[in-house]
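> only geometry, no sequence info:
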């Protein structure tokens, strides 16, 4: 028998989630649909967002889940499904080949944050990703990031 131990305290995770087609720009083109999918999911299955950066074909985020909660996969499944379902049919078809599984890559990359230094490292990674990809010269110039202004974090989630 397998026992699942639920965390007694809130815990924080860093995620990378990517579109099925590298180089696509669907996430920034359809940012409002993504924001809506996140809002609906957070209303149903709460989590706090510490950082969020949406790149054209992937995103990075840091979440803190409530004590006793550990279902990150369910939350991502809802966000991905809601976003995909909200796309116009022609947008979905143009981005998905017959062999493809869908709009998103399967799964996601996850790292559980261990301490304050680990959190700072991953926050900086989120902040600097648009600069690393050559999209902007300074992180604050990227419009799809919680590092742009305090208001944009509320808009993302």
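Yep, that arrived. If you're wondering where the values come from, they're calculated on a predicted model, not measured in any experiment.

> list the buried ones in the strand or helix carrying residue 84?
Residue 84 belongs to helix 72-86 when assigned by DSSP states H and E. Neighbour counts over helix 72-86 (16 or more other C-beta atoms under 10 Å) mark 72, 75-76, 78-80, 82-84, 86 as buried. To be clear about C-beta, it is placed using only N, CA and C from the backbone, and glycine gets the same treatment.

> pLDDT and distance to residue 48 for those residues - can I get that in TSV?
Shown next, in TSV, are those (pLDDT from 0 to 100; distance: C-beta to C-beta, whole Å):
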residue	pLDDT	distance to residue 48
72	95	13
75	97	12
76	97	16
78	97	17
79	97	15
80	97	20
82	97	19
83	97	20
84	95	24
86	95	24
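
> what does the longest helix along the chain contact?
Determined from DSSP state H, the single longest helix within the chain is helix 116-132. Here helix 116-132 makes contact (C-beta atoms under 8 Å, 6 or more residues apart in numbering) with 12, 14, 50-53, 55, 60-62, 111, 113, 136-139, 141-142, 144-147.

> Sort out for me which of the residues you listed are in strands.
12, 14, 50-53, 60-62, 111 (DSSP state E).

> just the buried members of the residues you listed?
Members of these classed as buried by 16+ other C-beta under 10 Å are 12, 14, 50-53, 60-62.

> Between which two of those is the distance greatest?
The span of those, defined through C-beta to C-beta, is set by 12 and 53 at 16.1 Å.

> Name the residues that touch the helix holding residue 84?
With contacts defined as C-beta under 8 Å, 6+ apart, helix 72-86 is touched by 13, 15, 17, 30, 33-34, 36-38, 40-41, 44-45, 47, 63, 65, 92, 102-104, 108, 110.

> swap the cut-off to 6 Å and go again
33-34, 37-38, 40-41, 45, 103-104, 108 (C-beta atoms under 6 Å, 6 or more residues apart in numbering).

> Whichever of these count as buried, I'd like them selected in PyMOL; how would that read?
Command for PyMOL, covering only those of those found buried under the criterion 16+ other C-beta under 10 Å:
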select buried, resi 33+34+37+38+41+45+103+104+108
